[in-house]
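Student: how would this look folded up:
(chains A and B)
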Amino acid sequence: MSSALTVMERDFRIFFADRYMLAIMFVNFVIDLGVSGLSLSRMIGTSSLFPNALSYFLYIAPGANLITGTVAAFQSGRDIWRERIIQDTHTYLLTVPVRRNVFGVSRLFSGMLRTTLTTLPGTIVIAFLYQLTVPLFLVGVAIMMVFSGAVIGLSVVAAALSNSLELFTTVRSTVQVYISFFSTQFYPSNILPPIVATLANFNPMTWAVQSFRALQQGTVDVNLFVPLLGLSAALLFAGFLFYRRTMEF
Amino acid sequence: MTKLAPALSAQLGGLSYFDFYSVGAVVSTITSIAFIIGADLFEEEEMGLLDYLLSLPLGHSLFVFGRALGGAVRGLIYTAPMMVLVAYVDGYGNPAGVLGSWLVLFILATGISGLSITLAMIIRSENRFDVVIAMAELATVRVSAAIYPLIYIPQAIQPVAAYSPVTSASDLIRAIVLGTPSGISETVTLLLFVAIFFGLGSAFLFRKLEGGRFE
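Tutor: Numbers count the residues shown, from 1 in each chain, chains lettered A, B, ... in the order given. Okay, the predicted model is just below:
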């Protein structure tokens, strides 16, 4: 247990090495929500699905925070990629007296915690917009934590498979496009083209953003939370397997 | 989006939002790709490749010029086929116009490469650079009329978005491909942006090379 905590402490030390990182991430969220969110809401205006611009703004607001979470998760994945390809510290880290499975799980878990922490200011803003009670806000944090497992898994798979910056960056962009546009982040599933609607069911963003929207109604919808949990567990496990593979020679 | 807001087309002067967005998607893509050049400079320094590159038999000024233009050419190679596809989807078939669109994309990418190199030279930490680049990319694309018309952007930000190079490039390409009205100000804004950041990026990189390696 203590070795796992040491591994996680190291990740957090790297994370806090730059004290402006959290602020910069929050600015990303503000641009996403304050510029794009407001502009898109004004474009939609009044429609059959959304009675006014505010309702669409509230509809897409959690997505901005989840996208910030995706960016933060890929930052953790990039740390692992840099250790392998640039810094060449990967082999050294495997010599420290920590079992490899413990080491791998600790890295993934610290990535989840870092992502949840990075998105915490955004989660507070969403809670404020949705006027959530404290217990529902804590459920919101839990949704972010579970969602972060999915994107950390994806980022570690990318880090384990990429041998060049270009490849890692391309995979990151592709994942972000998939997370954003093949989900219900911007549109309800009933207006998506059928194939996109099907793909959206296998996207953690869909279930995470829907879970957040349920909180706005004052309810915790377990039917939305369980698929999110399942997808996140699967992607996290995939991340673990690919990361574990990089530890074998 | 058109399904959600059927009245949008009328507000865009009869232009479908799909056509509007298709041009914006290409401009956003080349903006993202052009930003990668700064990250490349960081990686080359960390891998020790920069010292080798500086030992090559070519002048430092030529090296700087080549890197900035290289970033733009690379972006164009990626997006040129996309531009052809967008022209086809939007029902535009004039090869000269497509070439004109490529030229606009190339000019934008040159300026963005300059901006990326400038940031790479100013920021010392590679981790921070990565996050700042993500923010700069987000800001240049989102605070512009690439993916939504200027009139829908919050009023406080509209003046900034109006003079964004991404707005200018999008408007110029829309004028070519979709026939939307466009003035001389878009061209001036775009060229000014390129002149400023291409110059700044080159100056910073040149100074860094002449002053020794990165710290």
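
Student: pLDDT weak spots in chain A?
Tutor: Under the criterion pLDDT under 70, the flagged ranges of chain A are A:1, A:46-48, A:249.

Student: Please enumerate the helices of it.
Tutor: A:2-16, A:21-30, A:38-44, A:53-85, A:90-93, A:100-118, A:120-130, A:134-161, A:165-181, A:194-200, A:204-216, A:222-245 (DSSP state H).

Student: Save the ones you listed as CSV, and put in mean neighbour count and distance to residue B:47 too.
Tutor: All C-beta atoms are positioned from the backbone trio N, CA, C, and that covers glycine. Below are those laid out as CSV (neighbours: other C-beta atoms under 10 Å in any protein chain shown; distance: least, C-beta to C-beta, whole Å):
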stretch, mean neighbour count, distance to residue B:47
helix A:2-16, 15, 20
helix A:21-30, 19, 23
helix A:38-44, 21, 40
helix A:53-85, 23, 9
helix A:90-93, 14, 15
helix A:100-118, 21, 23
helix A:120-130, 19, 35
helix A:134-161, 23, 17
helix A:165-181, 17, 10
helix A:194-200, 14, 37
helix A:204-216, 24, 34
helix A:222-245, 18, 22
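
Student: got TSV for the ones you listed, with distance to residue B:175 too?
Tutor: Formatted as TSV, the helices of chain A follow (distance: least, C-beta to C-beta, whole Å):
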stretch	distance to residue B:175
helix A:2-16	46
helix A:21-30	31
helix A:38-44	21
helix A:53-85	29
helix A:90-93	51
helix A:100-118	41
helix A:120-130	37
helix A:134-161	39
helix A:165-181	27
helix A:194-200	31
helix A:204-216	35
helix A:222-245	44
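
Student: Show me what the helix or strand that contains residue B:198 is packed up against.
Tutor: Per DSSP states H and E, residue B:198 falls inside helix B:184-210. Counting contacts by 3 or more C-beta pairs under 8 Å, 6 or more residues apart in numbering or on different chains; DSSP states H and E, helix B:184-210 packs against helix B:60-89, helix B:95-122, helix B:165-177.

Student: Between helix B:165-177 and it, find me the angle.
Tutor: For helix B:184-210 against helix B:165-177, the angle by axes from the mean of the first three to the mean of the last three C-alpha atoms, to 10 degrees is 130 degrees.

Student: Show the average pLDDT along helix B:184-210.
Tutor: Averaged over helix B:184-210, pLDDT sits at 78.

Student: For chain B, which residues are neighbours of chain A?
Tutor: B:1, B:3-8, B:17, B:32, B:36, B:39-40, B:43, B:46-47, B:125-128, B:130-132, B:134-135, B:138-139, B:142-143, B:147-149, B:152-154, B:157 (C-beta under 8 Å from any C-beta of the partner chain).

Student: what about residue A:161, distance to chain B?
Tutor: 18 Å (C-beta to the nearest C-beta, to the nearest Å).

Student: Can you list the low-confidence ranges for chain B?
Tutor: B:1-11, B:13, B:60-61, B:208-215.

Student: tell me, what residue is most central in it?
Tutor: Centroid-nearest residue in chain B, with C-alpha atoms, centre = their mean: residue B:31, separated by 3.3 Å.

Student: wait, doesn't it sit right on residue B:140?
Tutor: Yes. Using C-beta atoms under 8 Å as the test, residue B:31 is close enough to residue B:140 to be in contact (5.8 Å).

Student: Pull up the overlap in contacts between the two.
Tutor: Residues touching both residue B:31 and residue B:140 (C-beta atoms under 8 Å, 6 or more residues apart in numbering or on different chains): B:112, B:166.

Student: Tell me the spatial nearest neighbour of residue B:84, not counting adjacent residues.
Tutor: Counting by C-beta to C-beta, 6 or more residues apart in numbering or on different chains, residue B:98 is the residue found nearest to residue B:84 once chain neighbours are left out, at 6.1 Å.

Student: ok, how many other residues are close to the one you found?
Tutor: Number of residues near residue B:98 (other C-beta atoms under 10 Å in any protein chain shown) recorded here: 20.

Student: Contact partners for it?
Tutor: So residue B:98 contacts B:83-84, B:87, B:92 (C-beta under 8 Å, 6+ apart).

Student: Contact partners for residue 80?
Tutor: I went with chain A, as the question did not name one. Neighbours of residue A:80 in contact, by C-beta under 8 Å, 6+ apart: A:107, A:156, A:159-160, A:243.

Student: nope, chain B
Tutor: Applying C-beta under 8 Å, 6+ apart, the residues near residue B:80 are B:102, B:105.

Student: Assign residue B:14 to helix, strand or coil.
Tutor: When classified by DSSP: H, G, I helix; E, B strand; the rest coil, residue B:14 comes out as coil.

Student: That one: neighbour count?
Tutor: When neighbours are defined as other C-beta under 10 Å, residue B:14 has 7 of them.

Student: Next: residue B:155.
Tutor: 7.

Student: Repeat that for residue B:69.
Tutor: 16.

Student: ok, it to residue B:194 distance?
Tutor: To residue B:194, residue B:69 is 11 Å away according to C-beta to C-beta, to the nearest Å.

Student: Same check on residue A:66?
Tutor: Residue A:66 sits 35 Å away from residue B:194, taking C-beta to C-beta as the criterion.

Student: Enumerate the residues of chain A near chain B.
Tutor: Contact residues, chain A versus chain B (C-beta under 8 Å from any C-beta): A:14, A:17-18, A:20-21, A:24-25, A:27-28, A:31-32, A:34-36, A:38-40, A:42-45, A:47, A:49-50, A:56, A:71, A:75, A:78-79, A:82, A:86-87, A:165-166, A:169, A:173, A:186-187, A:191.

Student: if we can go back for a sec, can you list which of the residues of chain B next to chain A are found in strands?
Tutor: Per DSSP state E, strands hold no members of these.

Student: Which among the residues you listed count as buried?
Tutor: Buried members of these, counted by 16 or more other C-beta atoms under 10 Å in any protein chain shown: B:1, B:4-5, B:8, B:17, B:32, B:36, B:39-40, B:43, B:126-128, B:130-132, B:134-135, B:138-139, B:142-143, B:147-149, B:152-153, B:157.

Student: Who are the contact partners of residue 190?
Tutor: No chain specified, so I'll use chain A. Residue A:190 sits next to residue A:197 when contact means C-beta under 8 Å, 6+ apart.

Student: um, chain B though
Tutor: Per C-beta under 8 Å, 6+ apart, neighbours of residue B:190: B:104, B:107-108, B:111, B:165, B:168-169, B:172.
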